[in-house]
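Novice: Provided below are the primary sequence and the corresponding predicted coordinates.
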Amino acid sequence: TEKYLRIGYTLKMWEFMKEGLLLNEIMVIDDDTKAELMTIGKESFGNFKINPLNPVPFLTQDQITSYYLSVQLPIPLGQEVPTHISHRFNLRDTVNNTVIDVEGGLFSPRTSESPMAILSPVKGTGWLFINQSTMAYHYNATFFIDGQIYSAEQYAFDNVQLDENLQSYTGDPAKSESYFNYGDTLYAVAGGSVQTLVDGRPENNGNAKNITFNSPDEYGGNYLILNMGANRFAVYCHCVPGSFLVKSGDVVTEGQPLALLGNSGNSTEPHLHFQICDKPDLFFAKGLPFVLKKYTKIGELTDPNLPVPLVVTNSMMESLTLLRFD
């Protein structure tokens, strides 16, 4: 991002609660210098994947015999990336009424790979990209099916458009047309070909979320999957029905208009759900990280006094950042 190099990984842990152990915190450590890089506290424990897994409509998840936690470790830009990273688990032993530390989870970050740089799928100002650069949903959306682990949404974002009062609509919130982003043009983030196009599905009414689903695929609403080559697929979900400007099999160029932003599928208000993954599937794939070629940072919801605007290149933004795309 414009502030951090974020190292993404998943911790696989033993089922410590079966031994009467309760987790207090996890310390992420530079294994060479022993410096503490980050503390994962109880506010993140709800992201653990523990058997039995939460039910997922239309999908039967496996019985798992380990605990899993998806982690993003932020290293400030300009700071040296650790060569070896380990973890210290601080636990309370409820049997012996003691506190113990367990160390493990040693790994070396891959530094030879770079995320794909793409064009923004939207234009205009006042954009808020939600749930990227964070350990929350979508990053922890993981499914365990038939012995495989799928994380297609891991680097996904949802986006909404806000006015100067930080509102996403004016008028009746139960009407999709009341939202500033509804009907905005969606653009090809890179050159490629249209792999999949699903159309003809109804939209929700504004914030009503009143669509009934009959399959996992319907959660995407009207969607398009762009094959960008090298096993990289861009997924655009929740489009307006009948708004596609291309058809399946078409070859498109970077920046070409594809469809209109809508409110179909699993949507609480008009927005684009966008992700890049290694297979042309909404769920059964691995999510791939990416950065935007260029955006202008116009504010942060957490810091109204931030000096702006700031042009940023080849970067993803931190969560709660307001953006403009020229």
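Specialist: Good, I have the coordinates.

Novice: hang on, D217 is in a helix, isn't it?
Specialist: Yes: per DSSP: H, G, I helix; E, B strand; the rest coil, D217 lies within a helix segment.

Novice: which residue packs closest to it, ignoring adjacent ones?
Specialist: L282 (6.5 Å; C-beta to C-beta, 6 or more residues apart in numbering). (Glycine included, C-beta is placed from N, CA and C.)

Novice: against F157, how distant is that neighbour?
Specialist: Distance of L282 to F157, given as C-beta to C-beta, to the nearest Å: 15 Å.

Novice: now do T253
Specialist: T253 is 23 Å from F157, by C-beta to C-beta.

Novice: quick one, which of these two is more surrounded?
Specialist: Taking neighbours as other C-beta atoms under 10 Å, T253 and F157 compare with F157 leading, 22 against 9.

Novice: give the bridge partners for the nearest residue to L226 once chain neighbours are set aside, please.
Specialist: Nearest non-adjacent residue to L226, counting by C-beta to C-beta, 6+ apart: A234, 4.3 Å away. Per DSSP bridges, residues listed as beta-bridge partners of A234: L226, I276.

Novice: contact partners for A234?
Specialist: Counting by C-beta atoms under 8 Å, 6 or more residues apart in numbering, A234 touches 118, 121, 188-190, 192, 225-226, 228, 274-276.

Novice: who wins for most neighbours among those residues?
Specialist: When neighbours are counted by other C-beta under 10 Å, L226 leads these with 27 neighbours.

Novice: pLDDT value on it, please?
Specialist: The pLDDT attached to L226 in the predicted structure is 99.

Novice: what distance do you get for it to E25?
Specialist: From L226 over to E25 (counting by C-beta to C-beta), the distance is 41 Å.

Novice: now A136
Specialist: Per C-beta to C-beta, A136 is found 18 Å from E25.

Novice: which one of the two has more residues nearby?
Specialist: Taking neighbours as other C-beta under 10 Å, A136 and E25 compare with A136 leading, 17 against 14.

Novice: between the two ends of stretch 273-288, how far is it?
Specialist: End-to-end distance of stretch 273-288: 15 Å, with C-alpha to C-alpha, to the nearest Å as the criterion.

Novice: per-domain residue ranges of the chain.
Specialist: Annotated domains of the chain cover 4-107, 116-325 [automatic domain parsing].

Novice: tell me which of these sits most buried.
Specialist: domain 116-325 (a mean of 18; mean count of other C-beta atoms under 10 Å).

Novice: mind checking how far that one is from the chain centre?
Specialist: Centroid separation for domain 116-325 versus its chain: 10 Å, with C-alpha atoms, centre = their mean, to the nearest Å.

Novice: got the end-to-end distance for it?
Specialist: Domain 116-325 end-to-end distance (C-alpha to C-alpha) = 18 Å.

Novice: ok, now stretch 315-326?
Specialist: End-to-end span of stretch 315-326 (C-alpha to C-alpha): 16 Å.

Novice: off-centre distance for it?
Specialist: Distance of stretch 315-326 from its chain centroid, counting by C-alpha atoms, centre = their mean, is 14 Å.

Novice: average pLDDT for that stretch?
Specialist: 92.

Novice: I'd assumed E300 was in contact with L306.
Specialist: Yes: in this structure, L306 is within contact of E300 by C-beta atoms under 8 Å, at 5.0 Å.

Novice: any idea of the pLDDT on P304?
Specialist: With respect to pLDDT, P304 scores 68.

Novice: typo on my end, it should be E113
Specialist: So E113 comes in at 86 (pLDDT).

Novice: tally of neighbours for it?
Specialist: Around E113 there are 7 residues (other C-beta under 10 Å).

Novice: quick check: phi and psi on it?
Specialist: Per-residue torsions, E113: phi -100, psi 150 (degrees, to the nearest 10).

Novice: who are the contact partners of it?
Specialist: Counted by C-beta under 8 Å, 6+ apart, E113 has zero contacts.

Novice: the one 4 residues further on now?
Specialist: For A117, the contacting residues are 290-293, 314, by C-beta under 8 Å, 6+ apart.

Novice: which residue ranges of the stretch 1-150 of the chain form strands?
Specialist: 4-13, 21-30, 36-40, 67-76, 85-93, 98-107, 116-118, 124-130, 143-145, 148-150 (DSSP state E, counting those that start in this stretch).
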